[in-house]
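Novice: Fold the following and give me the result.
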Amino acid sequence: MKLPYNSPHFGRILRFLIGGGSATALNLALAYIGVEFLGFRSELQQNFVNLVTMETSLLYSFFIYRAFVWRDKTSSVSRILLRQIPLYHMSAGAALLGRALLFPVLQALGLYYLPNILLGIMAGAALNYFLSNRYVFNNLRGEKSV
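Specialist: Take a look at the predicted model:
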């Protein structure tokens, strides 16, 4: 199968994957700092660190996607705060819910947990991309959704 490198979608998807990878790295780095350097070691504290780092990386990925993937430099602050960020949270939540629902199905089919998680991440990323493209960052600068 030949990949469509010259497709207008290819560059956007590649930038989306790079942005998502950097958000994942940020999430892991902040969690490590919270536990290892700031001393949040109890289970409750680590859960708190996890929530803070998830939200931080989610907001980071939103702004990376907005500027780097969909190249939105024209939205007003009110559009960003009142429309795009809430929609992005719903998009990411839907991706997480999809992953949570897919895992037991693949588990019941006998798939080992590591590839199961990897497939879930890939499916979640695809769903997040689709929803972000369709609903969060749609109609920017008069562009049609891809």
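Novice: And Lys73, how far from Ile121?
Specialist: With distances taken as CB to CB, to the nearest Å, Lys73 is found 29 Å from Ile121. C-beta coordinates here come from the backbone N, C-alpha and C atoms, glycine included.
Novice: Comparing the two, which shows the higher neighbour count?
Specialist: Just comparing Lys73 and Ile121: by other CB atoms under 10 Å the higher neighbour count belongs to Ile121, 14 against 9.
Novice: helix/strand/coil for that one?
Specialist: Classification of Ile121 using DSSP: H, G, I helix; E, B strand; the rest coil returns helix.
Novice: OK, contacts around it?
Specialist: Listed by CB atoms under 8 Å, 6 or more residues apart in numbering, the contact partners of Ile121 are Arg99.
Novice: quick one: pLDDT of it?
Specialist: Note on Ile121: pLDDT of 92.
Novice: again with Ser7
Specialist: According to the per-residue confidence, Ser7 scores 75 in pLDDT.
Novice: again, but for Gly142
Specialist: At Gly142, the pLDDT value in this model is 48.
Novice: Same check on the one 4 residues further on?
Specialist: pLDDT, Val146: 39.
Novice: Over to Ser76?
Specialist: Per-residue confidence for Ser76 comes out at a pLDDT of 90.
Novice: Around it, count how many other residues there are.
Specialist: 9.
Novice: roughly how far apart are it and Phe40?
Specialist: Between Ser76 and Phe40 the computed distance is 37 Å (CB to CB).
Novice: repeat for Val49
Specialist: Val49 sits 5 Å away from Phe40, going by CB to CB.
Novice: got any ranges where this protein has weak pLDDT?
Specialist: Residue ranges of the chain with pLDDT under 70: 1-4, 139-146.
Novice: what sits against the nearest residue to Leu106 once chain neighbours are set aside?
Specialist: By the measure of CB to CB, 6 or more residues apart in numbering, the closest residue to Leu106 outside its immediate chain neighbours is Asn116, 4.6 Å from it. With contacts defined as CB under 8 Å, 6+ apart, the neighbours of Asn116 are Phe103, Leu106, Gln107.
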